[in-house]
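Enquirer: Curious how this folds, go ahead:
(chains A and B)
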Amino acid sequence: MSEPSPGGTRELLLLLVTRLVDHPERVRVEEEERPGLYLFRVVVDPDDLGKIIGRGGRMIRAIRQLVRAQASVEGRRAMIEVSSS
Amino acid sequence: MRTVEAEGRSVDEAVQLALAETGWSSDDVDVEVLQGGAGRLGWLGARRRTRVRVSLRTNKLEVAAAFLREMARVMGLGPLAVETTETLDYLLVDARGPGLGLLIGRRGAILEDLERIVNAVAGRAAPDRRRVLVDIEGYRRKREDTLERLAARLAERVRRTGAPATLEPMKPSERRVIHLALRDSPYVNTRSEGEEPRRRVVISPAGGDSPRREGRP
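Expert: Down below sits the predicted model:
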């Protein structure tokens, strides 16, 4: 775990995920920082996994795109893994 | 959740109690009287218990606009100017502000992702079937204008030369703009060919016998 990312990349991810789920209080975002890269591990309630991934993976793809755009402001890439608690 | 019940000696009092408890504005709620309710007559109704149910009215468009504002704040962008439009068929939020170009992406790719997320978030909050269209810095409208001009220019060339024109691959929403722009042209027909994501519009001369046609492909 590390400091919150300055550009609000982590905060953006947290906002998107918590607004899409039924159990926002159960959302955890772990962050691993590597050179030039954010690696986020998002953990949600098992009931909410489908909402985050979306039909055909469309929702997680959209989340990734937005988070990557924000990370790019800091000149970084971002990877997001999702799993259930 | 988004509904509370409260009791008082009158409807007004019960509603005021509910609003005080929740912090909601009287403009944003629906009130249902569950019990009593004749309490406005002063002492006549003074002893009657009145029970009301107060529900927060959620407006999908407002939820969407508030969500975009919150996103901008979290992303460290300046305050947004958000303009909303409501029609029978769709809801539109047009956001403008410093640094927002980031949310458009290459050829509007990120804007589509944003729209998907906004619809999911707003759809959870409000039972409104209308889709929320998201525009950033007027990108969507400008793109539609560009596509309409392109359609008109190519249609004119097809009419003049009699040779069909094939456009570059486009997203379904963009192909739709082309089809609609030329729907009423007596000189050309439009159809889509190929498979996603390389599906493209072909503009061809209208059938030789009659310049007019029934329906469209």
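Enquirer: anything in stretch B:83-97 near chain A?
Expert: No - on the criterion C-beta under 8 Å from any C-beta of the partner chain, stretch B:83-97 is out of touch with chain A, staying 14.0 Å away. For glycine as for every other residue, the C-beta is placed from the backbone atoms N, C-alpha and C.
Enquirer: first vs last residue of that stretch, how far apart are they?
Expert: 11 Å (C-alpha to C-alpha, to the nearest Å).
Enquirer: Equivalent analysis for stretch A:49-64, please.
Expert: Distance across stretch A:49-64, first residue to last, is 15 Å (C-alpha to C-alpha).
Enquirer: Would you indicate which residues of stretch A:28-48 are buried?
Expert: A:29, A:31, A:38, A:40, A:42-45, A:48 (16 or more other C-beta atoms under 10 Å in any protein chain shown).
Enquirer: repeat for stretch B:58-69
Expert: Buried, per 16+ other C-beta under 10 Å, within stretch B:58-69: B:59-69.
Enquirer: now check it, is it near chain A?
Expert: Yes - looking at stretch B:58-69 against chain A by C-beta under 8 Å from any C-beta, the contacts come from B:F67.
Enquirer: Give me the contact list for that stretch.
Expert: Stretch B:58-69 is contacted from outside by A:19, B:2, B:79-80, B:82, B:84, B:86, B:91, B:93, B:95, B:118-119, B:121-123, B:125-126, B:128, B:130, B:132, B:134, using C-beta atoms under 8 Å, 6 or more residues apart in numbering or on different chains.
Enquirer: Now restrict the residues you listed to buried residues only.
Expert: A:19, B:80, B:82, B:91, B:93, B:95, B:118-119, B:121-123, B:125-126, B:128, B:130, B:132, B:134.
Enquirer: quick one: what helix or strand has whichever residue of chain B sits closest to chain A in it?
Expert: The nearest approach of chain B to chain A comes at B:D113, 3.7 Å away (C-beta to the nearest C-beta). Taking DSSP states H and E as the definition, one finds B:D113 inside helix B:109-125.
Enquirer: In stretch B:196-204, which residues are buried?
Expert: Neighbour counts over stretch B:196-204 (16+ other C-beta under 10 Å) mark B:201-204 as buried.
Enquirer: Among these, name the ones in strands.
Expert: B:201-204 (DSSP state E).
Enquirer: still on that earlier bit, want to throw the buried residues of stretch A:28-48 into a markdown table with distance to chain B?
Expert: Shown next, in a markdown table, are the buried residues of stretch A:28-48 (distance: C-beta to the nearest C-beta, whole Å):
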| residue | distance to chain B |
| --- | --- |
| A:V29 | 13 |
| A:E31 | 15 |
| A:Y38 | 14 |
| A:F40 | 15 |
| A:V42 | 14 |
| A:V43 | 19 |
| A:V44 | 14 |
| A:D45 | 15 |
| A:D48 | 11 |
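Enquirer: Quick check: the two most widely separated of these?
Expert: Largest separation among these by C-beta to C-beta: A:Y38 and A:D45, giving 23.1 Å.
Enquirer: got the residues of chain B near chain A?
Expert: Checking chain B against chain A by C-beta under 8 Å from any C-beta, the hits are B:67, B:70-71, B:74-76, B:102-103, B:105, B:109-110, B:112-114, B:116-117, B:120-121, B:124.
Enquirer: hmm, try it at 6 Å
Expert: B:74-76, B:102, B:110, B:113, B:116-117, B:120-121 (C-beta under 6 Å from any C-beta of the partner chain).
Enquirer: List buried residues within the residues you listed.
Expert: By 16+ other C-beta under 10 Å, those give B:74-75, B:110, B:113, B:116-117, B:120-121 as buried.
Enquirer: Which elements pack onto the helix or strand bottoming out on mean pLDDT in chain B?
Expert: Within chain B, no helix or strand scores below strand B:29-35, which has a mean of 86 by mean pLDDT, DSSP states H and E. Judged by 3 or more C-beta pairs under 6 Å, 6 or more residues apart in numbering or on different chains; DSSP states H and E, the packing partners of strand B:29-35 are strand B:50-56.
Enquirer: Buried residues in the strand it packs on, which are they?
Expert: Applying 16+ other C-beta under 10 Å to strand B:50-56 flags B:50-55 as buried.
Enquirer: Just after the lengthiest helix in chain A, pick out the following helix or strand.
Expert: If you go by DSSP state H, chain A has its longest helix at helix A:58-73. Downstream of helix A:58-73, the next assigned helix or strand under DSSP H and E is strand A:77-84.
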